[in-house]
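In: Whatever this is, show me its structure:
(one chain, ligands or ions: 1)
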Amino acid sequence: MVSLADKIVLAYSGGLDTSVSIKWLQDKFMADVITVTVDVGQREDFGEIGKRAKEIGAIKHYLIDAKEEFVMNYVSPSIKANALYEGKYPLVSALSRPLIASKLVEVAKKEEALAVAHGCTGKGNDQVRFEVTIKSLSPKMKVIAPVREWGLSRDQEIDYAKEQGIKIEPKKSIFSIDQNLWGRSIESGPLEDPEIEPPLEAFEWVKPLEKAPEKAVYVNIGFEGGVPVSVDNEKKGAIEIISYLNKVAGKHGVGIIDHMEDRLVGIKSREVYECPAALCLIEAHKDLEKLVLNRHELFFKDIVDANWTWLAYSGLWLDPLRKDLEAFINSTQERVEGSVKIKLYKGNYRVVGRSSPYSLYDPNLATYSILSEFDQASAQGFIELWGLPTRVAHSMLSKLKKGRE
Ligand code: ARG
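Out: Numbering: from 1, shown residues only. Here you go, the predicted model:
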């Protein structure tokens, strides 16, 4: 076997796929494997993960705490862009992949490794996100995707792991989990049948509605420059705010997403997520924008947001268009300051109040009271001109229709 590189840097989660990948890379390429685990808030036992990598055979293990960077440079821009792919998915994995890819490249350069590897299959979006980012940052880097290459079923993989003496937790192996601060994605097993409700065991962050508290709770989220800065009038860092909302909204049964998703590779798949903080923050942020931006800005921003979301979802994080779109988005966010009150109750997250120093809401104009400054008499002329093209076209079409009868 020709050795592709004598050192391979592998993105290591501690799960089955990447654990088996350590052995497979060693066997196939006779190379040393260096593992990298990036902490993006997945709340795992990182000590255990490092130990496991070494036990399986990694010559060196890196643990990189990238939580702050993840929130500042990936999650925050996604809040500003109200990023929900296909109206539902807050880009949990999509946001973490370019960051993890950039850390892989960093380690590979430091270790003078010529190849990096990731544990993605050939059916998902993550492979695209990793590889486009890696190749953009380091065009000559070789990328190896063991899981895509070895062609083993999950059962065969478990057998291989057992043969190689790799310990696996059977409970964890029913679902394929990817999680970080921004949410938890749950795939495979019983979730592959889109007709069937996800079993309770799939969820860890969100309480079943039946067990959620009987009493509603209110949370006040403060924003500055389009990003959350406080909860209930107490200043907090973004990581703390997100962790807090994951807990409190999750406790109230808020955060489960169950939808049909169109993957970049063309597959329709049933995707299930738990994203309590992400759903609340995006809902609150969108609501505040509606208070401070005018309708022309809102209309155009929807288009920009959708394009930003698509780039992030489809692996094109490093495309210059993202920065171009962010130039527009950031210019609108200067006024996205204020506070939004959300009511959490048995799976519901509803904005019930909002305020901002940049509010465009003018009670004098909006009130139904007769004392309003809005000149109702001018509405008549407005309607006359506003409806002109519609009236002209409609009467022409009516005449045509009559003529044909
Ligand atoms: N469908 C989601 C996405 O493409 C979730 C992917 C989860 N990734 C994983 N390796 N389990 O972003």
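In: just so I have it, where are all the strands in the stretch 51-200 of the chain?
Out: With strands called from DSSP state E, counting those that start in this stretch, the stretch 51-200 of the chain shows them at 60-65, 115-117, 142-144, 176-180, 183-187.
In: from what I can see Tyr345 touches His252, true?
Out: Yes - judged on Cβ atoms under 8 Å, Tyr345 makes contact with His252 at a distance of 6.2 Å. Every residue, glycine included, has its C-beta placed from N, CA and C.
In: Looking at these two, which is more packed in?
Out: Higher neighbour count among Tyr345 and His252: His252, with 25 against 18, using other Cβ atoms under 10 Å.
In: Leaving out sequence neighbours, find the closest residue to the more buried one.
Out: Leaving aside its chain neighbours, His252 sits nearest to Leu344 (4.0 Å; criterion: Cβ to Cβ, 6 or more residues apart in numbering).
In: residues contacting that neighbour?
Out: Applying Cβ atoms under 8 Å, 6 or more residues apart in numbering to Leu344 gives the contacts 216-219, 248-249, 252, 254, 280.
In: Helix, strand or coil: sort out the residue lying closest to Ser359 once chain neighbours are set aside for me.
Out: Nearest non-adjacent residue to Ser359, counting by Cβ to Cβ, 6+ apart: Leu291, 5.2 Å away. Going by DSSP: H, G, I helix; E, B strand; the rest coil, the secondary structure assigned to Leu291 is helix.
In: Any figure for the gap between the residue nearest the centre of the chain and Asn180?
Out: Nearest to the mean C-alpha position of the chain, by Cα atoms, centre = their mean, lies Leu91 at 1.9 Å. For Leu91, the distance to Asn180 equals 11 Å [Cβ to Cβ, to the nearest Å].
In: same thing with Glu163?
Out: Glu163 sits 32 Å away from Asn180, going by Cβ to Cβ.
In: Those two: who's more crowded?
Out: Ranked by neighbour count (other Cβ under 10 Å), Glu163 and Asn180 place Asn180 first, with 25 against 9.
In: The more buried one and the ligand, how far apart?
Out: 10 Å (Cβ to the nearest ligand atom, to the nearest Å).
In: next one: Val116
Out: Look at Val116 and the ligand: by Cβ to the nearest ligand atom, they are 17 Å apart.
In: Make 691 the first number, not 1, from now on.
Out: In the new numbering, first residue 691, that becomes Val806.
In: what pairs with that residue across the strands?
Out: For Val806, the beta-bridge partners are Val699, Val833 (DSSP bridges).
In: The least confident helix or strand in the chain by mean pLDDT packs against which elements?
Out: Taking mean pLDDT, DSSP states H and E as the measure, the helix or strand of the chain with the lowest value is helix 844-853, at a mean of 88. Counting contacts by 3 or more Cβ pairs under 8 Å, 6 or more residues apart in numbering; DSSP states H and E, helix 844-853 is packed against helix 706-719.
In: I'd like the mean pLDDT over the following helix or strand past the helix it packs on, please.
Out: Later in the chain than helix 706-719, the nearest helix or strand by DSSP states H and E is strand 722-729. Rounded to a whole number, the mean pLDDT of strand 722-729 is 98.
In: again with stretch 995-1004
Out: 98.
In: Go through it and flag the buried ones.
Out: 995-996, 998-999, 1001-1004 (16 or more other Cβ atoms under 10 Å).
In: Please compute how far that stretch lies from its chain's middle.
Out: Distance of stretch 995-1004 from the chain centroid (Cα atoms, centre = their mean, to the nearest Å) equals 11 Å.
In: for stretch 798-818, same thing?
Out: Relative to the chain's own centre, stretch 798-818 is displaced by 20 Å; criterion: Cα atoms, centre = their mean.
In: contacting residues for the residue lying closest to Ala773 once chain neighbours are set aside?
Out: The shortest distance from Ala773 to any non-neighbouring residue, by Cβ to Cβ, 6+ apart, is to Thr999 (4.4 Å). By Cβ under 8 Å, 6+ apart, Thr999 lies in contact with 768, 771, 773-775, 781.
In: Show me the shaky parts of this protein.
Out: Residue ranges of the chain with pLDDT under 70: 691-695, 860-863.
In: Just give me the neighbour total for Trp965.
Out: Check again: residue 965 is Cys, not Trp. Cys965 is flanked by 30 other residues according to other Cβ under 10 Å.
In: Give me the distance between the closest residue to it other than its chain neighbours and Val1026.
Out: When the adjacent residues along the chain are set aside, Cys965 lies closest to Gly873, with 3.5 Å between them (Cβ to Cβ, 6+ apart). Between Gly873 and Val1026 the computed distance is 22 Å (Cβ to Cβ).
In: What of Leu1087?
Out: Between Leu1087 and Val1026 the distance is 43 Å, computed by Cβ to Cβ.
In: got it, and Glu734?
Out: From Glu734 over to Val1026 the distance is 33 Å, taken as Cβ to Cβ.
In: who has more neighbours, the two?
Out: Shown here are Glu734 and Val1026; by other Cβ under 10 Å, Val1026 has more neighbours (23 against 14).
In: residues contacting the closest residue in space to that one that isn't next to it in sequence?
Out: The shortest distance from Val1026 to any non-neighbouring residue, by Cβ to Cβ, 6+ apart, is to Gly916 (4.1 Å). The contact partners of Gly916, by Cβ under 8 Å, 6+ apart, come to 766, 769-770, 975, 1019-1020, 1022-1023, 1026.
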